[in-house]
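Q: I'll drop the sequence and a predicted model, then ask my questions.
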Amino acid sequence: MKKQDFVVRFAGEGGQGVVTSAEGLAQAMAQSGYHVQTFSTFPSQIRGGPTWTQTRISTKEVLSSGDELDVLVAFNQYAYDNHKDDVAADGVIVYNSGEFEIEASDNALAMDFDELAKQTGNNRAANFVVMGALADLVDLPISILEDFNKQRYTRGRDSDQQIIDSNNMALSLGSAEAKKSGFSLGELADPIKPEGEQVLLNGNIAISMGAAHAGLDTFIGYPISPATPILLWMEQNLVGEGKFVHQSSSEIESITSIVGAGYAGKKAMTSTAGPGFTLMGEGIGLAWMAEIPVVVVDVQRGGPSTGLPTKTEQSDLLTALYPGHGDMKMPVIAPGTVEECFVAGVKSVNWAERYQGPVIILSEHALSERRQNIPRPDLSSLGEENRKVYEGSNGYLRYDGWELSPMPIPGGP
């Protein structure tokens with residue numbers, strides 16, 4: 001019987017291509033019609049430190065990152081020692097024999113990742129060596145990975161073809177090494193392609209794209225794990241006339257700046273994590289009291305205090321509901337899937353405009369970093385809303401009654 005589900009974990013040290021391998025495999029398999037989901041965990045540093053990522057591939061919708069491993073790819077001794085017990089009884093361990101050796105085992109495949117990569121003329125092709133081996137283990141046509149390689153590295157540069165050729169060679173070398181071992185996990189069943197177009201996103205990108213669709217024009221943020229990718233996405237994509245993105249010097253500057261932008265009539269957002277959200281409490285209270293539309297994204301992480309910057313924890317709900325002193329309570333949107341993250345991005349901006357006040361998105365680390373293929377959102381069902389603005393003759397009495405009145409904008413009537 002063909003395999004319907006395949007779970008592989010890449011474990012090593014930051015900078016060894018662990019995350020790249022998992023996300024590359026996920027993207028390749030999603031392009032060919034499979035359902036995929038990734039999970040990542042890494043230390044709070046640029047390079048080095050124990051890192052592992054997991055990719056689950058399935059013929060049907062994936063709801064979790066999986067349990068027992070079909071394959072463990074160990075880039076170093078520490079990774080092998082700490083993850084070998086998670087491999088299923090009939091699973092396989094692929095390890096980097098150029099980095100370390102293990103005792104003889106019936107389920108271990110030794111490969112010198114770096115040496116094989118050097119044979120291609122591209123020392124950075126080690127992740128494609130590994131993907132070639134994985135393809136052979138589940139009898140996956142190598143053409144699926146070759147198509148992904150061509151699509152990913154066709155970028156209009158002179159070096160594109162050289163990179164594509166070296167990566168294809170790396171796939172072949174990895175596949176050949178796996179064939180020599182005689183290991184096989186059984187053939188992976190053909191994908192049951194989802195209806196409609198799919199996109200591969202993580203939670204942070206989905207929130208960013210949703211907010212942009214709702215007309216966001218101002219983003220001010222301070223880097224903090226695991227929310228920094230939202231700031232980076234905005235810097236790269238929220239561009240053009242009338243758009244403004246700024247990296248602030250603190251969370252307090254971020255919140256006070258977007259309060260000012262919202263007061264001036266802009267659709268404004270910031271993103272942070274638990275420690276930064278705590279610092280924003282007084283600014284959020286000002287936006288609440290002054291009835292100024294803003295959006296704050298809290299990507300939760302381990303706490304208390306600075307806590308665990310790259311580990312997840314879902315413990316900020318009460319803080320999000322009551323971020324400041326006095327009689328104030330926030331509307332909170334808490335997405336539970338990558339697909340819901342996009343909707344949350346849209347609705348948070350729309351709610352802030354509609355109700356003229358701050359709105360909180362409550363995400364968390366695992367969701368923010370998890371890549372998953374989802375149906376391309378139906379934008380026609382998610383429109384853009386704009387606040388009522390005082391135009392000089394449309395009944396401005398700001399606090400007369402319970403209904404929302406038009407908001408006066410500085411410089412207007």
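A: Received it, and whenever you're ready, just let me know what you need.
Q: ranges for the strands of the stretch 201-350 of the chain?
A: Listed in chain order, the strands of the stretch 201-350 of the chain (DSSP state E, counting those that start in this stretch) span 218-221, 244-247, 268-272, 294-300, 332-333.
Q: could the ones you listed be laid out in a markdown table, adding mean neighbour count and distance to residue 319?
A: To be clear about C-beta, it is placed using only N, CA and C from the backbone, and glycine gets the same treatment. As requested, the strands of the stretch 201-350 of the chain are exported to a markdown table (neighbours: other C-beta atoms under 10 Å; distance: least, C-beta to C-beta, whole Å):
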| stretch | mean neighbour count | distance to residue 319 |
| --- | --- | --- |
| strand 218-221 | 26 | 18 |
| strand 244-247 | 17 | 24 |
| strand 268-272 | 30 | 12 |
| strand 294-300 | 29 | 8 |
| strand 332-333 | 19 | 10 |
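Q: mind checking those for the one nearest to residue 62?
A: Closest to residue 62 of the strands of the stretch 201-350 of the chain, according to C-beta to C-beta: strand 294-300, at 21.8 Å.
Q: so for the closest one, what's the average pLDDT?
A: Mean per-residue pLDDT for strand 294-300: 98.
Q: can you check what angle separates that strand from strand 268-272?
A: Using axes from the mean of the first three to the mean of the last three C-alpha atoms, to 10 degrees, one finds that strand 294-300 and strand 268-272 are set 20 degrees apart in direction.
Q: in stretch 319-328, what's buried?
A: For stretch 319-328, the neighbour count (16 or more other C-beta atoms under 10 Å) marks 319, 320, 323, 324, 328 as buried.
Q: for the stretch 1-150 of the chain, what spans make up the helices?
A: Remark: helices assigned in the stretch 1-150 of the chain by DSSP state H, counting those that start in this stretch are 18-31, 77-83, 113-118, 126-137, 142-153.
Q: wait, isn't residue 408 in contact with residue 396?
A: Yes. Residue 408 is within contact range of residue 396, at 6.5 Å (criterion: C-beta atoms under 8 Å).
Q: shared neighbours of these two, anything?
A: Residues touching both residue 408 and residue 396 by C-beta atoms under 8 Å, 6 or more residues apart in numbering: residue 390.
Q: how much space separates the nearest residue in space to residue 150 that is not next to it in sequence from residue 172?
A: The shortest distance from residue 150 to any non-neighbouring residue, by C-beta to C-beta, 6 or more residues apart in numbering, is to residue 164 (5.6 Å). Counting by C-beta to C-beta, to the nearest Å, the separation of residue 164 from residue 172 is 13 Å.
Q: circling back to that earlier point, which one of the helices of the stretch 1-150 of the chain lies nearest to residue 380?
A: It's helix 18-31; of those, that one is closest to residue 380 (C-beta to C-beta) at 23.9 Å.
Q: what's the closest one packed up against?
A: Helix 18-31 is packed against strand 5-13, strand 35-41, strand 50-58, helix 126-137, helix 142-153, strand 198-201, with contacts defined by 3 or more C-beta pairs under 8 Å, 6 or more residues apart in numbering; DSSP states H and E.
Q: so what does the second one touch, helix or strand wise?
A: Yep, that's strand 35-41 we're talking about. helix 18-31, strand 50-58, helix 365-369, strand 372-375.
Q: can I get that strand as PDB, trimmed to CA atoms?
A: Output of strand 35-41 as PDB, limited to C-alpha atoms (Å, rounded to 0.1, in the frame of the first residue of the first chain):
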ATOM      1  CA  HIS A  35      -0.600  19.200   1.200                       C
ATOM      2  CA  VAL A  36       2.300  20.300   3.300                       C
ATOM      3  CA  GLN A  37       3.000  21.900   6.700                       C
ATOM      4  CA  THR A  38       6.300  22.900   8.400                       C
ATOM      5  CA  PHE A  39       7.300  23.400  12.000                       C
ATOM      6  CA  SER A  40      10.500  25.300  13.100                       C
ATOM      7  CA  THR A  41      12.300  25.900  16.300                       C
END
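Q: pLDDT of stretch 51-61, averaged?
A: 94.
Q: now do the helices in the stretch 251-400 of the chain.
A: With helices called from DSSP H, counting those that start in this stretch, the stretch 251-400 of the chain shows them at 251-263, 274-279, 281-290, 317-321, 338-355, 365-369.
Q: thank you kindly, that will do.
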